[in-house]
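In: Pasting a predicted model and its sequence here:
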Amino acid sequence: MTIRRNFIGGVLAAAVACLPLALPSPSHGASAGGPGSEYAVGVGDVLEISVLQPDQFITNVVVAPDGYITFPYLGNVKVKGMNLPDIKSEIERLLADGYIKYPLVTVYLKEARSKKYLVSGEVERPGSYPIEDNLTVLRAISIAGGFTKYGNAGRVKVLRPKEDGKGYELIKVNLKKVVNGDGQEDVFLKANDIIVASEGFF
């Protein structure tokens, strides 16, 4: 029985660990108005901003600690707390005000570094990671290197901060069912979620 448990546990841990670690999030490369368009930009986030007309150019910018980005022609533009469509509209407005006639701009969230989640417990690389759109518990465990030999895929939980800031909502996740095809068992993560991978037999 112990051998069978160890074999099943090893297969499951390997399956999770071998999942793609760097698949692009739908928001990474989605223009304003697409998936992730309501994401509130924060300090450290990386934006890809393209001017499509009249002349084309692309620039990557990082949101500075003061909430500003530096953009050609415009200098410093405050974007912290704004979503992608609002940033697009603001840059188009500023460019049209004496710099470029009828500018057409797209804004992409290239890297979301300002909002994070935490993975703890029996995973290979516990720690804090940037949140992505449509990020699930299974993928988050994969990004963290998969389970250790002691991790139990059937005993994973998510601690989600309550809206009133008082305590956490507890969400239990059975990743064994997910790996076996039950996608409804998986959970989409939110910023500041804490994933706890518990120890135990598979």
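Out: Here it is on my side, so go on.

In: going forward, measure contacts and count neighbours with C-alpha atoms only.
Out: OK.

In: Excluding chain neighbours, what is closest to Gly121?
Out: Nearest non-adjacent residue to Gly121, counting by C-alpha to C-alpha, 6 or more residues apart in numbering: Ala197, 4.8 Å away.

In: How about the backbone phi and psi for that neighbour?
Out: phi -100, psi 110 (degrees, to the nearest 10).

In: With Leu159 instead?
Out: Dihedral angles of Leu159 (phi, psi; degrees, to the nearest 10) stand at phi -100, psi 120.

In: What segments of the protein are helices?
Out: Secondary structure of the chain (DSSP state H): helices at 2-17, 84-96, 137-143, 175-179.

In: so who does Val173 touch?
Out: Val137, Gly154, Arg155, Val156, Lys157, Val158, Glu185, Asp186, Val187 (C-alpha atoms under 8 Å, 6 or more residues apart in numbering).

In: how about 10 Å then?
Out: Listed by C-alpha atoms under 10 Å, 6 or more residues apart in numbering, the contact set of Val173 reads 137-138, 153-158, 185-187, 195-197.

In: Need the worst-confidence member of those residues.
Out: Ranked by pLDDT, the contacts of Val173 bottom out at Glu185, which scores 82.

In: Please tell me I have it right and it contacts Lys157.
Out: No - when contacts are counted by C-alpha atoms under 10 Å, Glu185 is not listed as touching Lys157 (11.7 Å).

In: list residues touching both of these two?
Out: Val137, Lys172, Val173, Asn174, Leu175.

In: which one is the last one nearest to, not counting chain neighbours?
Out: Pointing back at Leu175 there. Ala153 (5.1 Å).

In: distance of that neighbour from Gly181?
Out: 14 Å (C-alpha to C-alpha, to the nearest Å).

In: Geometrically speaking, which residue is the centre of the protein?
Out: The residue lying closest to the centre of the chain (C-alpha atoms, centre = their mean) is Glu132, at 1.4 Å.

In: so what's in contact with Ala153 and Gly181 at the same time?
Out: Leu175.

In: When these two are compared, which one has more neighbours?
Out: Shown here are Ala153 and Gly181; by other C-alpha atoms under 10 Å, Ala153 has more neighbours (29 against 10).

In: Do a quick rundown of the strands in the chain.
Out: For the chain, strands defined by DSSP state E occupy the ranges 46-53, 57-62, 68-71, 75-78, 104-111, 116-121, 127-130, 151-161, 168-173, 194-199.

In: can you put these in CSV and add distance to Ala144?
Out: Shown next, in CSV, are the strands of the chain (distance: least, C-alpha to C-alpha, whole Å):
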stretch, distance to Ala144
strand 46-53, 22
strand 57-62, 25
strand 68-71, 31
strand 75-78, 33
strand 104-111, 18
strand 116-121, 7
strand 127-130, 8
strand 151-161, 13
strand 168-173, 16
strand 194-199, 11
